[in-house]
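Participant: got a predicted structure plus its sequence, pasted below:
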Amino acid sequence: MNSLIDQLAKRGIFNGRAGSVVAGKRLFGIPVAIIAGQATSVGGRIATLSGAKVISLGTRCGSLVTKWKSHKKILRFAMVWNHCFTDRRKGFVAYSAASRVLVDNPMARSGLGFMFDECWQAFAHTLDSIRDHRETENVAKTGWRRYHKTDQGLFEYHSSRSEMSRRMAEAMICFNSTVSVQSQASFLVKNYPWNTGTKVVDVGGAQGHVSIEPAQTYPNLKVVPQDLPDVVEGIEKTLPNNIKDRIETIAHDFFSDQIVQADAYLFSQIFHDWPEAHCIKILRALIPQLKPGARVICYNHLLPEPGTIPLLEEQAARSNGSTWGVDMIMLSLFNSRERDADDWVTLFQAADPRFGKPKAWIPERSNLGIIEAVWEGGSKGAQE
């Protein structure tokens, strides 16, 4: 699949630092739609930092943007809102410090492409989907599904489209690397006792971008990233040399019975992708390999209780696309949601009472929460 973002990047769009465009507050705002959809198409024909005439860019860029007057309006909007491009001379447009990221950083390109091609389109069709289907947790009755005109859910749809699957995996790496330090994997490493076990399975862990950090910090820790075959393919080539012998990559569908026994099973932002019934199935699939004391660790957005955080913090969360914003993304893409502490207890108990009552907390200054359940059943999930 050649998305609009990929097409534009091949034309040589953008210059600058990765964080300035991808991590900015306005990434998911209207200006980015303008940049992704139209304004960026002109960048590929700016040959030098000295710039090119705006009036000539329509001809150079082909049919993506055809009217130079529209170019001028869109470019000015992009310059003001996202610092993409600059006009050092009247009638000319040149690269800015923030506009090369989508050429130099394919992960950033995938991040913006995923947001523009999939999330934004899903938002636009979600209300119509709700009107058609009312309240439903069917993963095939979403705004995303309505836009793509398919009866499949996102992951099933991606499974037969390797480029879309790859782009989403890269987008997750992009988002993890550009959020505030409190949300990065390093924060999880510093605030959880990974030294209490020796083997961790990173379930649905994509390229292992979260679980690899504990392995680098704790030399006795073995990590097993698991995901679908096309997602985990090639991980070995990207691993740091000092941990390669402690990383075992396994292709695995987490709806199938778990095949690896371990001290802990890490789910980094997995459950918010699935409605309740699917989450229960994912947890139950662990049971055949669970031993007494095995831990299930979820690193996820954790909804605060009403009235427990200042209004300004809640506003920041909504505008930055963190907990509350992601809750809306989950609705549009999957008919799923984020959860509060009580919701997590309900989920684990519905899967099996032997998961006990999970602990859930948001460390100070963190954007993500840690949820931990400890298996109280017998060895390998045997009935007591």
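Facilitator: It's in.

Participant: all strands of the stretch 101-250 of the chain, in order?
Facilitator: Taking DSSP state E, counting those that start in this stretch as the criterion, the stretch 101-250 of the chain contains strands spanning 199-203, 222-227, 250-251.

Participant: could you chop the protein up by domain?
Facilitator: Taking automatic domain parsing as the reference, the chain has its domains at 4-104, 106-174, 179-302+339-381.

Participant: and those, which one is worst for confidence?
Facilitator: Lowest mean pLDDT of the domains of the chain: domain 4-104, a mean of 53.

Participant: separation between the residue lying closest to residue 357 once chain neighbours are set aside and residue 269?
Facilitator: Once flanking residues are discounted, residue 357 sits nearest to residue 345: 5.6 Å by CB to CB, 6 or more residues apart in numbering. In short, each C-beta sits where N, CA and C put it, glycine included. In this structure, residue 345 and residue 269 are 19 Å apart, going by CB to CB, to the nearest Å.

Participant: now residue 353
Facilitator: Taking CB to CB, one finds residue 353 at 25 Å from residue 269.

Participant: then residue 151?
Facilitator: Plainly put, residue 151 is 26 Å away from residue 269 if you go by CB to CB.

Participant: so which of the two has more stuff around it?
Facilitator: Under the criterion of other CB atoms under 10 Å, the comparison of residue 151 against residue 269 puts residue 269 first, with 20 against 11.

Participant: close enough to count as contact, that one and residue 301?
Facilitator: Yes: proximity of residue 269 to residue 301 meets the contact threshold set by CB atoms under 8 Å, at 7.4 Å.

Participant: anything in contact with each of these two?
Facilitator: Listed as contacting both residue 269 and residue 301 by CB atoms under 8 Å, 6 or more residues apart in numbering are residue 368.

Participant: give me the nearest residue to residue 333, chain neighbours excluded.
Facilitator: residue 144 (4.8 Å).

Participant: count the neighbours of the one you found for me.
Facilitator: Residues within reach of residue 144, counting by other CB under 10 Å, total 27.

Participant: surely it is in contact with residue 156?
Facilitator: No: look at residue 144 against residue 156 with CB under 8 Å: they stay out of range, at 11.7 Å.

Participant: for the stretch 151-300 of the chain, which segments count as helices?
Facilitator: Here the stretch 151-300 of the chain has its helices, by DSSP state H, counting those that start in this stretch, at 154-159, 162-178, 185-190, 212-217, 229-232, 276-284.

Participant: please render the ones you listed as a markdown table that adds mean neighbour count and distance to residue 244 to the earlier fields.
Facilitator: Converted to a markdown table, these look like this (neighbours: other CB atoms under 10 Å; distance: least, CB to CB, whole Å):
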| stretch | mean neighbour count | distance to residue 244 |
| --- | --- | --- |
| helix 154-159 | 18 | 28 |
| helix 162-178 | 20 | 19 |
| helix 185-190 | 18 | 18 |
| helix 212-217 | 20 | 10 |
| helix 229-232 | 18 | 15 |
| helix 276-284 | 17 | 28 |
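
Participant: what's the closest of these to residue 196?
Facilitator: Closest approach to residue 196 among the helices of the stretch 151-300 of the chain is made by helix 212-217 (11.5 Å; CB to CB).

Participant: which other helices and strands contact the closest one?
Facilitator: Counting contacts by 3 or more CB pairs under 8 Å, 6 or more residues apart in numbering; DSSP states H and E, helix 212-217 packs against helix 185-190, strand 222-227.

Participant: list the contacts of that helix.
Facilitator: 185-186, 188-189, 194, 200, 221-223, 225, 239-240, 242-243, 246-247.

Participant: before we move on, the earlier item: in the strand or helix carrying the residue nearest to residue 357, what counts as buried?
Facilitator: Secondary structure from DSSP states H and E places residue 345 in helix 341-351. For helix 341-351, the buried set under the neighbour-count rule, 16 or more other CB atoms under 10 Å, comprises 341, 343-345, 347-348, 351.

Participant: next one: the next helix or strand after it to chain centre, how far?
Facilitator: Counting by DSSP H and E, the next helix or strand C-terminal to helix 341-351 is strand 359-361. Distance, stretch centre to chain centre, for strand 359-361: 22 Å (CA atoms, centre = their mean, to the nearest Å).

Participant: which residues sit against strand 359-361?
Facilitator: Strand 359-361 has contacts (CB under 8 Å, 6+ apart) with 302, 341, 344-345, 369-373.

Participant: relative to helix 341-351, how tilted is the very next helix or strand once past that strand?
Facilitator: Downstream of strand 359-361, the first helix or strand assigned by DSSP H and E is strand 369-374. On the basis of axes from the mean of the first three to the mean of the last three CA atoms, to 10 degrees, strand 369-374 is oriented at 30 degrees to helix 341-351.

Participant: who does strand 369-374 pair up with?
Facilitator: When sheet partners are counted by DSSP bridges, strand 369-374 sits next to strand 295-300 (antiparallel), strand 359-361 (antiparallel).

Participant: run through who's touching it.
Facilitator: Outside strand 369-374, the residues within contact range by CB under 8 Å, 6+ apart are 188, 191-192, 293-302, 344, 348, 355-363.

Participant: pull out the buried members of those residues.
Facilitator: Burial by neighbour count, 16+ other CB under 10 Å: within these this picks out 188, 192, 294-302, 344, 348, 355-356, 358, 360, 362.
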